[in-house]
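*Asks:* Sequence unavailable; structure follows:
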């Protein structure tokens, strides 16, 4: 499952990036190649929500995303709400 | 109509009129009541019927149809082996608790 | 006589203790928690009204209040109307009254978590009424309110009216039985049409049973939780979110008891705001009578 060839084939079908960084992404689409480059940059890596945020912050984030998904909100408003949700 | 004949009627004070099938007003009233009753019974009907069906039949989706092969397997499983959380003892575990609560409360 | 009064007061002590400590005490404790910054466990600090400010900046809470208002109005009106109609019809049709009363009352005796699931099946677009009618030959029939942002709340109204109409019917039937039979006779003698009799004479005479039923329905509105959880889990997005569900989610799932307590305090205050004028009117009416 974690072999390079399997991961590349799966990601090409699913539209995501492989779980390992030492793959040759030239066969994947431009979006996936960008994603692979981002993952290699340590300064852009963020910890897992469930482990590093309180349940309250996780819930507040979910609320903001639910609102954005279901109603017409301005993007700036959503950005402010995400910041407020994580601030508490 | 004197009050004496009125007292012979039902307690709500209505005189015995024509039979229910002859009086259109009464027919309409009965029809309304029966349709309301059917509507009220619908969820119970669906619950009961679904409990007698097999899982494949439920997945096919015909909610109001009678089960092709009614079976009480689901009832047995629910009573003794359905899992709630960690324990797989079915409804029987909590059922006797409820009975005791009611009996003790009397 | 005086010693009897003393013993009566003594017998009431356990109930008074329960009322003071459990009801009043836990309410005051909740209010105290809502003024702190507690998350999972109570914390003994004081943050003023910060929790309330955060609460009313929370879109989900505001949606839930709005939903409760809409739901409350629809539910109370529909239940009273349906209950009244059923009571009137049953009172006129004595032959089947016993069985019909059972049919209309059994929903109130059932746990709504179980029957809510059955309602979810019925209202499910893929397996419920929409699918059944489509199989009967109307492929364009639509009844997908359950997954519709604007209509999910109405499905909850339907299911809870189904449950509560029987109770209203029972209360109004008792009231109708208490009406003087001579009124029916007099109305027939004077040739008053039935609907006119009900509208102008019977309904005003049933004011007290109607008030009782309305009060019971309003308490059910404030407590609305199991129906929402059993049927829509808060609806598509927050379409059927209600305050009680908001409070429970914050108490347990999100481990933020201060927010939950703030929400609960607001709910209690709103209930008091609605009840206070009613109680005041009743006290004044009682004093005017005596």
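*Replies:* The structure has been received and is ready for your questions. On a predicted model such as this, the values are computed, not experimentally measured, just so you know.
*Asks:* ranges for the helices of chain B?
*Replies:* For chain B, applying DSSP state H gives helices covering B:3-7, B:24-51, B:55-60, B:73-80, B:92-105.
*Asks:* Quick one: distance of the fourth one to the chain centre.
*Replies:* Pointing back at helix B:73-80 there. When distances are taken as C-alpha atoms, centre = their mean, to the nearest Å, helix B:73-80 is centred 20 Å away from the chain's centroid.
*Asks:* now it against helix B:92-105, angle please.
*Replies:* Between the axes of helix B:73-80 and helix B:92-105, defined by axes from the mean of the first three to the mean of the last three C-alpha atoms, to 10 degrees, the angle is 60 degrees.
*Asks:* List the buried residues of helix B:73-80.
*Replies:* residue B:74 (16 or more other C-beta atoms under 10 Å in any protein chain shown). C-beta coordinates here come from the backbone N, C-alpha and C atoms, glycine included.
*Asks:* Check the longest one too.
*Replies:* Taking 16+ other C-beta under 10 Å as the neighbour-count basis, helix B:24-51 is seen to contain the buried residues B:26, B:29-30, B:33, B:36-37, B:40, B:42-43, B:46-47, B:49-51.
*Asks:* for the residues you listed, which one is nearest residue C:180?
*Replies:* residue B:29 (22.6 Å; C-beta to C-beta).
*Asks:* one step back: tell me which of the helices of chain B sits nearest to chain A.
*Replies:* Chain A lies closest to helix B:55-60 among the helices of chain B, at 26.9 Å (C-beta to the nearest C-beta).
*Asks:* contacts for that closest one?
*Replies:* B:50, B:67-68 (C-beta atoms under 8 Å, 6 or more residues apart in numbering or on different chains).
*Asks:* Which ones, among those, also lie beside chain C?
*Replies:* Residues of the contacts of helix B:55-60 in contact with chain C (C-beta under 8 Å from any C-beta of the partner chain): residue B:50.
*Asks:* among the helices of chain B, which is nearest residue C:105?
*Replies:* helix B:24-51 (9.2 Å).
*Asks:* tell me which residues of the helix or strand hosting residue A:65 are tucked away?
*Replies:* Assigned by DSSP states H and E, residue A:65 belongs to helix A:55-70. Using 16+ other C-beta under 10 Å as the test for burial, helix A:55-70 gives A:55-61, A:63-64, A:66-68.
*Asks:* Could you list every helix and strand in contact with the next helix or strand after it?
*Replies:* Next helix or strand after helix A:55-70 toward the C-terminus (DSSP H and E): helix A:75-87. Applying 3 or more C-beta pairs under 8 Å, 6 or more residues apart in numbering or on different chains; DSSP states H and E, one finds that helix A:75-87 makes contact with helix A:55-70.
*Asks:* any residues touching the helix it packs on, and which ones?
*Replies:* By C-beta under 8 Å, 6+ apart, the list of residues contacting helix A:55-70 reads A:49-50, A:53, A:73, A:78, A:81-82, A:84-86, A:88, C:39, C:58-60, C:149, C:236-239, C:249-250, C:253-256, C:259.
*Asks:* repeat that for 7 Å
*Replies:* With contacts defined as C-beta atoms under 7 Å, 6 or more residues apart in numbering or on different chains, helix A:55-70 is touched by A:49-50, A:73, A:78, A:81-82, A:85-86, A:88, C:39, C:59-60, C:149, C:236-238, C:253-256.
*Asks:* cool, and stretch C:88-95?
*Replies:* Outside stretch C:88-95, the residues touching it (C-beta under 7 Å, 6+ apart) are B:10, B:12, B:29-30, B:32-33, C:97, C:100-101, C:173, C:176, C:198.
*Asks:* for chain C, what spans make up the strands?
*Replies:* Secondary structure of chain C (DSSP state E): no strands present.
*Asks:* ok and the residue in it nearest chain A?
*Replies:* residue C:237 (3.3 Å).
*Asks:* What of chain B?
*Replies:* For chain B, C-beta to the nearest C-beta, closest residue to chain A: residue B:85, 20.0 Å.
*Asks:* okay, that residue: pLDDT?
*Replies:* If you check residue B:85, the pLDDT there is 74.
*Asks:* now residue C:144
*Replies:* For residue C:144, the predicted pLDDT is 86.
*Asks:* And the residue lying closest to it once chain neighbours are set aside, how far from chain B?
*Replies:* Nearest non-adjacent residue to residue C:144, counting by C-beta to C-beta, 6 or more residues apart in numbering or on different chains: residue C:125, 3.9 Å away. To chain B, residue C:125 is 11 Å away according to C-beta to the nearest C-beta, to the nearest Å.
*Asks:* Can you give me the neighbour number for the residue lying closest to residue C:234 once chain neighbours are set aside?
*Replies:* Nearest residue to residue C:234 in three dimensions, chain neighbours excluded: residue C:241, at 4.7 Å (C-beta to C-beta, 6+ apart). For residue C:241, the count of nearby residues is 29 (other C-beta atoms under 10 Å in any protein chain shown).
*Asks:* so residue C:241 makes contact with residue C:67?
*Replies:* Yes - Residue C:241 lies in contact with residue C:67 (C-beta atoms under 7 Å); the separation is 5.9 Å.
*Asks:* lowest confidence element among the helices and strands of chain A?
*Replies:* The helix or strand of chain A with the lowest confidence, counting by mean pLDDT, DSSP states H and E, is helix A:49-52 at a mean of 80.
*Asks:* which residues sit against that helix?
*Replies:* With contact meaning C-beta under 7 Å, 6+ apart, helix A:49-52 is reached by residue A:58.
*Asks:* what about the chain, any weak spots by pLDDT?
*Replies:* Unless you meant another one, I'm taking chain A. In the prediction, chain A carries residues with pLDDT under 70 at positions A:88.
*Asks:* if you could check chain B rather than the one you did, that'd help
*Replies:* B:1-22, B:106.
*Asks:* If we use 80, what do you get?
*Replies:* B:1-26, B:61-62, B:84-87, B:89-90, B:93, B:105-106 (pLDDT under 80).
*Asks:* for the stretch 101-250 of chain C, same thing?
*Replies:* By pLDDT under 80, the stretch 101-250 of chain C has no low-scoring segment.
*Asks:* Can you name the residues of it sitting close to chain A?
*Replies:* C:149, C:236-238 (C-beta under 7 Å from any C-beta of the partner chain).
*Asks:* circling back to that earlier point, relative orientation of the helix holding residue A:65 and helix A:75-87 in degrees?
*Replies:* Going by the same axes, to 10 degrees, helix A:55-70 makes 170 degrees with helix A:75-87.
*Asks:* Would you pull up the residue in chain A closest to chain B?
*Replies:* Closest point on chain A to chain B, by C-beta to the nearest C-beta, is residue A:55, at 20.0 Å.
*Asks:* how about the residue of chain B closest to chain A, phi and psi?
*Replies:* Main-chain dihedrals, residue B:85, degrees, to the nearest 10: phi 70, psi -120.
*Asks:* which bits of chain C sit near chain B?
*Replies:* Counting by C-beta under 7 Å from any C-beta, chain C sits next to chain B at C:86, C:89, C:91-94, C:100, C:103-104, C:107, C:115, C:118-119, C:121-122, C:126-128, C:131-132, C:135, C:162, C:181, C:184-185.
*Asks:* from the residues of the stretch 101-250 of chain C next to chain A, which would you call buried?
*Replies:* C:236-238.
*Asks:* mind listing what the spatially closest residue to residue C:52 that is not a sequence neighbour touches?
*Replies:* Distance criterion C-beta to C-beta, 6+ apart; nearest residue to residue C:52, sequence neighbours excluded, is residue C:262 at 5.3 Å. Residues near residue C:262 by C-beta under 7 Å, 6+ apart: C:34, C:51-52, C:55.
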